[in-house]
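Asks: Quick one: sequence and predicted model below, then my questions.
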2 protein chains.
Amino acid sequence: MGASARKHDVFQAIADPTRREVLRLLAEKERPISEISAHFPISRTAISKHLHILSEAELVKGKKAGRERIYHLQPEPLTELKQWLSYYEQFWNNKLLKLKYIVEEENE
Amino acid sequence: MGASARKHDVFQAIADPTRREVLRLLAEKERPISEISAHFPISRTAISKHLHILSEAELVKGKKAGRERIYHLQPEPLTELKQWLSYYEQFWNNKLLKLKYIVEEENE
DNA sequence: TTGACATGAAACCCAAAGGTTGTATATGAT
DNA sequence: ATCATATACAACCTTTGGGTTTCATGTCAA
């Protein structure tokens, strides 16, 4: 089965503010779970669940190191988001082009 | 209160596949609710709820016209998504730059 | 080997998400 | 006036999401 069969996709993974904050933390540097959860008011278990969801979306990956599990960012799946966005980007660029056209006409 | 107090933000709004499809339909052209819901296997009421959520995120806007309500796309809030993405884009560009560097070194 | 530490995993809770059906209201057509 | 159409709104249902607590397991340190 393909990537579309994954339970959590990128769009869903980044929908939650806590998960976005986790991504930001991991963008700075790789971190073990306890260090990540220290940044949040919720339990370590809750953070662990968020990390599972991010893992399913392949936005992070955890490697076992001794008794810790170190998570690091994998930004690649965000390209899917970028592609999705580019379609609409073209759309709002058109708006800007129309505006530019109007401005230039007025200057003549 | 600011925009952050909105119940549904852009990230949440685009998390659902049905809503993304609705956006795509509205990107083509503006449409009344019944026309939109004709594209889906679920009820018109369900689509109406999705449109409400998209409205809250200001990704669409509905104008009453006779007994219909015509919805059209408002892509502007997607800039927030683009900005969020750009942070990580820079990140994966670095990966590409590193790779390019290695390749060029090997060619010398 | 014994204790502290880091995580995994299960059971449970509550609220929200996504959906349905049924009823009401406004508008257009006859 | 009457009827069909387009939508709004309320009530309800079921699953998922985000969270907690508790207990088990593996690993480091003394």
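Replies: Arrived safely.
Asks: Could you use CA atoms for every contact and neighbour count after this?
Replies: Will do.
Asks: Name the nearest residue to the spatially most central residue of chain A, ignoring sequence neighbours.
Replies: Centroid-nearest residue in chain A: A:I14, 4.8 Å away (criterion: C-alpha atoms, centre = their mean). Distances taken as C-alpha to C-alpha, 6 or more residues apart in numbering or on different chains place A:R20 nearest to A:I14, at 5.7 Å, with adjacent residues excluded.
Asks: So which bits of chain A are right by chain B?
Replies: By C-alpha under 8 Å from any C-alpha of the partner chain, the residues of chain A that approach chain B are A:11-12, A:14-16, A:27, A:75-76, A:78, A:82, A:85, A:88, A:91-92.
Asks: can we see that at 7 Å?
Replies: Taking C-alpha under 7 Å from any C-alpha of the partner chain as the criterion, chain A approaches chain B at residues A:F11, A:Q12, A:I14, A:A15, A:P75, A:Y88, A:W92.
Asks: before we move on, back to that, the residue nearest to A:I14: neighbour count?
Replies: 17 (other C-alpha atoms under 10 Å in any protein chain shown).
Asks: ok, and does the helix or strand that contains it reach over to DNA strand C?
Replies: Using DSSP states H and E, A:R20 sits within helix A:17-28. No. Shown here: helix A:17-28 not in contact with DNA strand C (C-alpha under 7 Å from any atom of the strand), separated by at least 12.3 Å.
Asks: and that helix, what other elements does it pack with?
Replies: Here helix A:17-28 touches strand A:68-73, going by 3 or more C-alpha pairs under 7 Å, 6 or more residues apart in numbering or on different chains; DSSP states H and E.
Asks: how about the strand it packs on: buried residues?
Replies: A:I70, A:Y71, A:H72, A:L73 (16 or more other C-alpha atoms under 10 Å in any protein chain shown).
Asks: ok, and the closest non-adjacent residue to the third one?
Replies: Pointing back at A:H72 there. Using C-alpha to C-alpha, 6+ apart, the nearest residue to A:H72 is A:E30, at 4.5 Å.
Asks: need the contact list for that neighbour.
Replies: By C-alpha atoms under 7 Å, 6 or more residues apart in numbering or on different chains, the residues touching A:E30 are A:I70, A:Y71, A:H72.
Asks: how far away is the last one from DNA strand C?
Replies: Right, the one you point to is A:H72. A:H72 sits at a distance of 12 Å from DNA strand C (criterion: C-alpha to the nearest atom of the strand, to the nearest Å).
Asks: just checking, that residue touches A:G62?
Replies: Yes. Judged on C-alpha atoms under 7 Å, A:H72 makes contact with A:G62 at a distance of 6.4 Å.
Asks: re earlier: between the buried residues of strand A:68-73, which sits nearest chain B?
Replies: A:L73 (9.9 Å; C-alpha to the nearest C-alpha).
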